[in-house]
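Q: from the sequence below, what's the structure:
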Amino acid sequence: MFLARRDPAFFEKHVKPALASKRQPEFLDHYLLGHDLRPWLRPFAWNRLNAAEKTLLARALPEARERILDDLRHRWEREAPPPEAEALLFAQTISNNPSMTAEHAQNTDKVRRGLYTGEGFFNLGKYDEAKREFENVLRVDPFNKAARRWLERIAAAKSDYYRAAYDQTRAELLSQVDSAWKLNGPGDGTTIVLSLRST
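A: Got it, this is the predicted structure:
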């Protein structure tokens, strides 16, 4: 996002081709590449977006802006912490929390590295390795929502891949069956002969 706005020439020459070649492009990739973003309004795709991505979607699709903003507003009203809890969280963030033990800090670092590593594997299409990293994160932090969401995305990506592989295999087999049928018309009759050839 920063390069696309700060240095459009560099983005067009170096970054954009890299984004276009990704095996599993994410929402932000489609946004930066100028693709049609209306498919992201469908329920399954919509539920995979975070608040920032939904805001970008509202910017890109003026006709859906009010609907998206209403959704974000309702979500904030449902999930926002009460003022006293928000103040406490802010104070804990900016202060040196005395309850933060060395072990807890080490575990936090493990979780952060695991999430980064898992995301890297996911972007490379290495779903099994990514799944293993996020499962390791959950062993350290069983309530980590980010790891859970990544595992959900991996399951969805693998399901899409298996469905595409099934469709491809089915189409190839049907093509082989079609090519195996030969229509012969000797004399006064028509005979359909099935020729089975090993490929």
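
Q: helices and strands of the protein: which one has the lowest mean pLDDT?
A: strand 191-194 (a mean of 50; mean pLDDT, DSSP states H and E).

Q: show me what the helix or strand hosting residue 57 is packed up against.
A: Residue 57 is part of helix 51-60, with elements assigned from DSSP states H and E. Judged by 3 or more Cβ pairs under 8 Å, 6 or more residues apart in numbering; DSSP states H and E, the packing partners of helix 51-60 are helix 27-33, helix 65-79. All C-beta spots, glycine's among them, are computed from the backbone N, C-alpha and C.

Q: now tabulate these in JSON lines and tack on mean pLDDT.
A: Shown next, in JSON lines, are the helices and strands packed on helix 51-60 (pLDDT from 0 to 100):
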{"stretch": "helix 27-33", "mean pLDDT": "89"}
{"stretch": "helix 65-79", "mean pLDDT": "82"}
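
Q: in TSV: the ones you listed, plus distance to residue 41.
A: Shown next, in TSV, are the helices and strands packed on helix 51-60 (distance: least, Cβ to Cβ, whole Å):
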stretch	distance to residue 41
helix 27-33	12
helix 65-79	8
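
Q: out of those, which is closest to residue 119?
A: helix 27-33 (12.6 Å; Cβ to Cβ).

Q: after the closest one comes which helix or strand?
A: helix 43-46.

Q: name the surrounding residues that touch that next one.
A: Residues outside helix 43-46 that contact it (Cβ atoms under 8 Å, 6 or more residues apart in numbering) are 39, 40, 54, 156.

Q: which PyMOL command selects the buried ones in the residues you listed?
A: Under the burial definition 16 or more other Cβ atoms under 10 Å, those of the contacts of helix 43-46 that qualify are selected in PyMOL by:
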select buried, resi 40+54
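
Q: confirm residue 168 sits in a strand?
A: No: note on residue 168: no strand contains this position according to DSSP: H, G, I helix; E, B strand; the rest coil, which reports helix.

Q: what is the burial count for the nearest residue to residue 127 once chain neighbours are set aside?
A: Leaving aside its chain neighbours, residue 127 sits nearest to residue 154 (5.1 Å; criterion: Cβ to Cβ, 6 or more residues apart in numbering). Residue 154 has 18 neighbours, counted by other Cβ atoms under 10 Å.

Q: tell me who's in contact with residue 154.
A: 122, 127, 130, 131, 134.

Q: how far away is it from residue 126?
A: Residue 154 is 10 Å from residue 126, where distance means Cβ to Cβ, to the nearest Å.

Q: identify the farthest-apart pair in the contacts of residue 154.
A: 127 and 134 (10.4 Å).

Q: show me which of those two is the more surrounded one.
A: Neighbours were counted for residue 127 and for residue 134 using other Cβ under 10 Å; residue 134 has more, 25 against 17.
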